[in-house]
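J.: below are the sequence and a predicted model for it; my questions follow.
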Amino acid sequence: MTLNRANQITIVRILLIVPFVICMLKVNEIQHSTLVRYIALIIFLVMCISDVIDGYVARVKNQVTKLGSFLDPMADKLLITCACLLLAAEHTAVDGVLLPKPVVVLIIGKDVLLLLGFIIIYFLTSQIHIEPLFIGKVGTFLQLSMVTAILIAPEMMPLTDMWTYFMSFLWWAAATAAILTTLIYIRRGTRYIEQHENPVNNSEQNSIANGNKKQND
């Protein structure tokens, strides 16, 4: 199978997670700690920009594929999961900033719950349809912004006291978006299972609705 340009960019983004993690593991070493953090920031920003680029290429070049639909969100989730875990651990956190563990639990827990939900739906219905949510995209943007804000915090906090409040806003907003996304997917998943288990009732309801519509016409 030949990979299109969009999928190639996505795969590169996934591979860049490795050097990002390596840099973050060394971010608190006394020697070259600031340089390592800058490198981690550059790699992270490159991954964020490539996320926009591969989505644009996929749409403009009509290169939307099932593989890309799977790899793209997986790349985002792997990146965010690694970043959150590293920024919440004391030995890998950015100096002066520690991402609250409840935020990490909510963000990562959302992905775990959704994965389990998708598996359950697949076993019950032998099919699955993933429809991206707007609140999910907002949540991803907040998470990426949160990580970026934390990585540049040592430079920004001396300039303004508001940066701490800005970071707090981002990580709790990201956590709230994760909760809302989970609740919406649970509701949609429950409805999807109910419709699959009661196809006769659904068809009867559709027939009645169509009949009423014809009578009104």
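T.: Cool, the structure landed.
J.: tell me how far the helix ranked longest in the chain lies from the chain's centre.
T.: The residue-count maximum for a helix in the chain (DSSP state H) belongs to helix 162-197. Relative to its parent chain, helix 162-197 has a centroid offset of 11 Å by CA atoms, centre = their mean, to the nearest Å.
J.: please point out which parts of that helix sit buried.
T.: Buried residues in helix 162-197, counted by 16 or more other CB atoms under 10 Å: 163, 167, 170-175, 177-178, 180-182, 185, 189, 192. Bear in mind the C-beta positions are built from the backbone N, C-alpha and C, glycine included.
J.: which of the residues you listed has the weakest pLDDT?
T.: Ranked by pLDDT, the buried residues of helix 162-197 bottom out at Y192, which scores 75.
J.: neighbours around the residue nearest to that one when sequence neighbours are not counted, how many?
T.: Nearest non-adjacent residue to Y192, counting by CB to CB, 6 or more residues apart in numbering: I121, 6.3 Å away. Counted with other CB atoms under 10 Å, the neighbours of I121 add up to 20.
J.: these two touch, right, I121 and I193?
T.: Yes: in this structure, I121 is within contact of I193 by CB atoms under 8 Å, at 6.3 Å.
J.: follow-up on the earlier one: and the strand or helix carrying the residue nearest to Y192 with helix 162-197, angle?
T.: Assigned by DSSP states H and E, I121 falls within helix 101-125. On the basis of axes from the mean of the first three to the mean of the last three CA atoms, to 10 degrees, helix 101-125 is oriented at 10 degrees to helix 162-197.
J.: contacts for helix 101-125?
T.: For helix 101-125, the external contacting residues (CB atoms under 8 Å, 6 or more residues apart in numbering) are 77, 80-81, 84-85, 88, 128, 130, 143, 171-172, 174-175, 178-179, 181-182, 185-186, 189, 192-193, 196-197.
J.: list the residues that contact V46.
T.: Here V46 is in contact with L16 (criterion: CB under 8 Å, 6+ apart).
J.: can you check what pLDDT the model gives it?
T.: As predicted, V46 sits at a pLDDT of 93.
J.: before we move on, what about N201?
T.: 52.
J.: got the buried residues for the helix holding I121?
T.: Using 16+ other CB under 10 Å as the test for burial, helix 101-125 gives 103-104, 106-108, 110-111, 114, 117, 121.
J.: possible to save those residues as a markdown table with distance to S33 and pLDDT?
T.: Formatted as a markdown table, the buried residues of helix 101-125 follow (distance: CB to CB, whole Å; pLDDT from 0 to 100):
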| residue | distance to S33 | pLDDT |
| --- | --- | --- |
| V103 | 24 | 94 |
| V104 | 22 | 94 |
| L106 | 29 | 94 |
| I107 | 26 | 93 |
| I108 | 26 | 93 |
| K110 | 31 | 90 |
| D111 | 30 | 87 |
| L114 | 36 | 83 |
| G117 | 40 | 80 |
| I121 | 45 | 77 |
